[in-house]
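Peer 1: fold the following.
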Amino acid sequence: MGAERTSRTLPVFVLLLSVLGGALGSAVFQAVQAQLAAGMPPESPPLVILNLADAVRAGQDAAGIRAMAERLADGGFLVLDAQAVLAAPAALYLGQGGEGRR
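Peer 2: Modelled structure (predicted):
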């Protein structure tokens, strides 16, 4: 009888978690939209993760990938690789006006 009860309550639990996750995701989305509408940047920048090593092994130009990462950073994206930050918006660098930026 315990196994039957568990098998019936599991879908209800999963459904409840899905609804709560959707509500939380919607609230976060609305908060970011409100910040953007008010002319404020979101608290954390959008994130792009690249696998630079695989791209270079596949024959793509590392300099071209770096240039793309810099363009994304200029657009406000934080660009990461598995081993390093490839590019970031100037506001994320330490120092005033992006002094730490290379």
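
Peer 1: so where's this protein uncertain?
Peer 2: 1-8, 10, 13-15, 17, 21, 24-25, 27-28, 32, 41-43, 94-102 (pLDDT under 70).

Peer 1: do a quick rundown of the strands in it.
Peer 2: Using DSSP state E, the strands of the chain run over residues 47-49, 78-80, 85-87.

Peer 1: residues of the first one that come out buried?
Peer 2: Using 16 or more other C-beta atoms under 10 Å as the test for burial, strand 47-49 gives residue 48. Where C-beta positions appear, they are placed from N, C-alpha and C, glycine not excepted.

Peer 1: over to the second one?
Peer 2: For strand 78-80, burial by neighbour count (16+ other C-beta under 10 Å) applies to 78-80.

Peer 1: if we can go back for a sec, TSV for the strands of the chain, including distance to residue 59?
Peer 2: Formatted as TSV, these follow (distance: least, C-beta to C-beta, whole Å):
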stretch	distance to residue 59
strand 47-49	20
strand 78-80	20
strand 85-87	19
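
Peer 1: the nearest residue to residue 89 once chain neighbours are set aside: neighbouring residues, count only.
Peer 2: Spatial nearest neighbour of residue 89, excluding adjacent residues (C-beta to C-beta, 6 or more residues apart in numbering): residue 76 at 5.2 Å. The tally of other residues near residue 76 (other C-beta atoms under 10 Å) stands at 15.

Peer 1: quick one: residue 76 and residue 47 touch, right?
Peer 2: No. At 10.7 Å, residue 76 does not count as touching residue 47 under the criterion of C-beta atoms under 8 Å.

Peer 1: dihedrals phi and psi, the residue nearest to residue 89?
Peer 2: phi 100, psi 0 (degrees, to the nearest 10).

Peer 1: also residue 77?
Peer 2: Residue torsions, per degrees, to the nearest 10, at residue 77 are phi -90, psi 150.

Peer 1: for it, what are its contacts?
Peer 2: 45-48, 87, 89 (C-beta atoms under 8 Å, 6 or more residues apart in numbering).

Peer 1: export these to a markdown table and tack on distance to residue 33?
Peer 2: Shown next, in a markdown table, are the contacts of residue 77 (distance: C-beta to C-beta, whole Å):
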| residue | distance to residue 33 |
| --- | --- |
| 45 | 16 |
| 46 | 13 |
| 47 | 18 |
| 48 | 20 |
| 87 | 25 |
| 89 | 19 |
